[in-house]
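Trainee: Quick one: sequence and predicted model below, then my questions.
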Amino acid sequence: MTNPTTAARPAPKIFFITGVSSGFGRAFAQVFLAAGHTVVGTVRKPDDDEQFEELADGTSGRALTRVLDVTDDDAVLATVADVEESVGPIDVVIANAGYGHEGVVEESPMSELRAQFDVNVYGAVATLKAALPYMRRRRHGHLMAVTSMGGLITVPGLAYYQGSKFALEGILDTLAKEVRSFGIAVTAIAPGSFRTDWAGRSMVRADRSITDYDTLMEPVRRNRLAASGNQLGNPAKAAEAVLSILDTPAPPVHLLLGSDALRLVTAGRGAVDAEIEQWSQLTRSTDFPEGAQIA
């Protein structure tokens, strides 16, 4: 097996990355450009162009931006089509644009759930779908989206966010099976806690209103704010890890990033497996004895 820390750099590629003004999107763009690739990055507002242009020095025109609201399906399609025509064939798509939501279910308005899914799920899927026909015709490409360790485990107070990431993980896992025969790889990038703006300006916090949740939520909110900027994960190293899986014979469908993600997801999934086994006899009891056995 190839050691990702010693793997050769892949040949220059064209990346299409949503949400490059900060966080993982910016780190991905910076590392990929330094490695000699071309990056077309999207920003939500024209003013955000300036934050991306700082990365353009010395890139010989390999750093390009597009203004895009990923919740506008028609705009997503048009933008990807424009990049294919004016820049070149997109090799790798990273649907990165998204944000966090903190709040217990009872206190969080339904409108915030819809908004969370609109960006984190629908926007990400629209981005991947826009590029998929081009990659399918070429029989080549890599579709990625940034999910979260919160798409594989849960903690109180992040139900809307984690629900969106669980949905995206499931869609990507299914998509990977659908397009594998076309030479297209699919990877869900699931980070743990990294030093990005996720817990800061990239998070919406529901207003607290029910005192019964004070004991649970007050320490959670306080500790998350205190930890922001001091997280374990290094976004630049995350970008290097993503680069290392390109052109590998069988890139992962689920790529955990960060030792905390590995520890917490392993423990969380182990607890689910144990509960399934505990109730397995009851699970089996619901079958017709003579029912069809599906392979």
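Mentor: Nice, I can see it.
Trainee: Can you report how many residues lie near Val87?
Mentor: Residue neighbour count, defined by other C-beta atoms under 10 Å, stands at 16 for Val87. Quick note: C-beta positions are derived from backbone N, CA and C, even for glycine.
Trainee: Name the nearest residue to it, ignoring sequence neighbours.
Mentor: Nearest residue to Val87 in three dimensions, chain neighbours excluded: Val40, at 5.8 Å (C-beta to C-beta, 6 or more residues apart in numbering).
Trainee: Would you agree the one you found is in contact with Arg66?
Mentor: Yes - contact criterion C-beta atoms under 8 Å: Val40 and Arg66 qualify, at 6.3 Å.
Trainee: ok, those two, which is more surrounded?
Mentor: Using other C-beta under 10 Å as the criterion, Val40 and Arg66 rank with Val40 on top: 25 against 19.
Trainee: which element is that one on?
Mentor: Per DSSP states H and E, Val40 falls inside strand 38-43.
Trainee: just how off-centre is that strand within its chain?
Mentor: Mean C-alpha position of strand 38-43 versus that of the full chain (C-alpha atoms, centre = their mean, to the nearest Å) differs by 16 Å.
Trainee: Listing partners with orientation, what would you give for that strand?
Mentor: strand 14-18 (parallel), strand 63-67 (parallel) (DSSP bridges).
Trainee: and of the ones you listed, who's closest to Arg208?
Mentor: Proximity of these to Arg208 was assessed by C-beta to C-beta; the nearest stretch is strand 14-18, lying at 31.5 Å.
Trainee: For the helix or strand that that closest one is followed by, the averaged confidence score.
Mentor: Once strand 14-18 ends, the next helix or strand along the chain (criterion: DSSP H and E) is helix 23-34. Across helix 23-34, pLDDT averages out at 93.
Trainee: Using CSV, write down the CA coordinates of helix 23-34.
Mentor: Below are the C-alpha coordinates for helix 23-34, written out as CSV (Å, rounded to 0.1, in the frame of the first residue of the first chain):
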residue,chain,number,x,y,z
GLY,A,23,-11.7,27.8,6.1
PHE,A,24,-11.1,24.6,4.3
GLY,A,25,-11.8,26.1,0.9
ARG,A,26,-9.1,28.6,1.3
ALA,A,27,-6.6,26.0,2.6
PHE,A,28,-7.4,23.6,-0.2
ALA,A,29,-6.9,26.4,-2.8
GLN,A,30,-3.6,27.5,-1.2
VAL,A,31,-2.1,24.1,-1.1
PHE,A,32,-3.3,23.0,-4.5
LEU,A,33,-2.0,26.1,-6.2
ALA,A,34,1.4,25.6,-4.5
